[in-house]
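Undergrad: fold the following for me, if possible:
(one chain, ligands or ions: 1)
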Amino acid sequence: MSRIAYFGPQGTFTEQAARALAAPGDELVPAVTIRAALAMVREGAADGACVPVENSVEGAITPTLDGLNEGSPLVAVAEWLLPVHFSILVRPGTTEVKTVASYPPALSQVRLWLEENLPDARQIATSSTAAAAVAVDAGEVDAAVCAPVAAEHYPLEVLATGVADLRDAQTRFLLFKQPGEVPAPTGADRTSIIASTPNRTGTLAELLTELAFRGINLTKLDARPTRNNFGEYHFFIDFEGHIAEPRIGDALAALRRRCSNVRFLGSHPRADGVAATVQPDAGNEDFDQAASWVEAVRKGDLA
Ligand SMILES: O=C(O)C(=O)C[C@]1(C(=O)O)C=C[C@@H](O)C=C1
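TA: Below you'll find the predicted structure:
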């Protein structure tokens, strides 16, 4: 049995994702912030932490990116995708909504709906979607923009369901653990790194070219400020493939050479099962054959 921390409290989308990723019998433990969930793994208070990493409407969940770049390295071992449509929860009997609360990335995802349906309500930021439900229950705000499951945890009434500015919005979640065994490659994997480069002309282009030369398909690219020098960034790069593959290993070695630091964030199966794109002449067998050829030439075998 493992202890899995998640970005809580109870009733967040992240709890739903954590339930999907946990093994039967695992204990789920809410953490107040994404950072706190990751810290629980670093400190040994939990075996894993489930956190949101990317939303199809709002992009990267920046507290997750920042939390992964501080403290000791953690690696993602599993991924989950959830369709994101919200419920608006109020205290039973509410007739007027003067304030509406939620986690800022959630408020951004329902901006149009709020403009149309609650144009006069003041928007208030809470530390998570479920924290907004807690605030409504406590009488601090009138309405919460929540995950539908929050209605099962708090004694609130559903004012609206299926609320989303974009019908097909999805959020991707990752389960992070202490570095150790990497999950076996499946052919439909994703590898994530944080690349820190010297601040000179063309460094990002050079990194991307290393990946492009090897026919490796990027799935996400984000930059976060180093916070040391204005204008300097850490690059969060996700791409198809697994560190166990020769083509990916070759690319990672090249990136390591070019970067001042590379933090490996894991290779894990993709939740959507999309198989890696492999370009002609850039398959694993091509890399293996080329490496064997160099070995043979070194030994004088030119046949
Ligand atoms: O898990 C939750 O409910 C959250 O509060 C987080 C979060 C997010 O950070 O993106 C998760 C999914 C939705 O995209 C909105 C909010």
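
Undergrad: who's in contact with the residue positioned nearest the centre of the chain?
TA: The centroid of the chain falls nearest to V53 when counting by Cα atoms, centre = their mean (1.8 Å). By Cβ atoms under 8 Å, 6 or more residues apart in numbering, V53 lies in contact with 60-61, 64-65, 172-174. C-beta coordinates here come from the backbone N, C-alpha and C atoms, glycine included.

Undergrad: could you dump those into JSON lines and include pLDDT, distance to R256 and secondary structure?
TA: Formatted as JSON lines, the contacts of V53 follow (pLDDT from 0 to 100; distance: Cβ to Cβ, whole Å; DSSP: H, G, I helix; E, B strand; the rest coil):
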{"residue": "A60", "pLDDT": "95", "distance to R256": "23", "secondary structure": "strand"}
{"residue": "I61", "pLDDT": "94", "distance to R256": "26", "secondary structure": "coil"}
{"residue": "T64", "pLDDT": "97", "distance to R256": "23", "secondary structure": "helix"}
{"residue": "L65", "pLDDT": "98", "distance to R256": "20", "secondary structure": "helix"}
{"residue": "R172", "pLDDT": "98", "distance to R256": "26", "secondary structure": "strand"}
{"residue": "F173", "pLDDT": "98", "distance to R256": "28", "secondary structure": "strand"}
{"residue": "L174", "pLDDT": "98", "distance to R256": "22", "secondary structure": "strand"}
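
Undergrad: and the residues you listed, which is closest to the ligand?
TA: Closest to the ligand out of the contacts of V53 is I61 (4.6 Å), distances taken as Cβ to the nearest ligand atom.

Undergrad: tell me the bridge partners for the nearest residue to that closest one once chain neighbours are set aside.
TA: Distances taken as Cβ to Cβ, 6 or more residues apart in numbering put P52 closest to I61, at 4.6 Å, once the chain neighbours are dropped. Counting by DSSP bridges, P52 is bridged to F173.

Undergrad: can you pull the pLDDT of P52?
TA: pLDDT recorded at P52 is 97.

Undergrad: got phi/psi on S127?
TA: Backbone torsions of S127, given as degrees, to the nearest 10, read phi -80, psi -10.

Undergrad: which ones are touching it?
TA: So S127 contacts 32-33, 103 (Cβ under 8 Å, 6+ apart).

Undergrad: select only the buried ones of those in PyMOL?
TA: Those of the contacts of S127 that count as buried under 16 or more other Cβ atoms under 10 Å are selected in PyMOL with:
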select buried, resi 33+103
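
Undergrad: list the buried residues for stretch 172-186?
TA: Quick answer for stretch 172-186 (16+ other Cβ under 10 Å): 172-177, 182-183, 185.

Undergrad: reformat the residues you listed as JSON lines; add distance to R263.
TA: As requested, the buried residues of stretch 172-186 are exported to JSON lines (distance: Cβ to Cβ, whole Å):
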{"residue": "R172", "distance to R263": "19"}
{"residue": "F173", "distance to R263": "20"}
{"residue": "L174", "distance to R263": "14"}
{"residue": "L175", "distance to R263": "18"}
{"residue": "F176", "distance to R263": "12"}
{"residue": "K177", "distance to R263": "15"}
{"residue": "V182", "distance to R263": "15"}
{"residue": "P183", "distance to R263": "18"}
{"residue": "P185", "distance to R263": "21"}
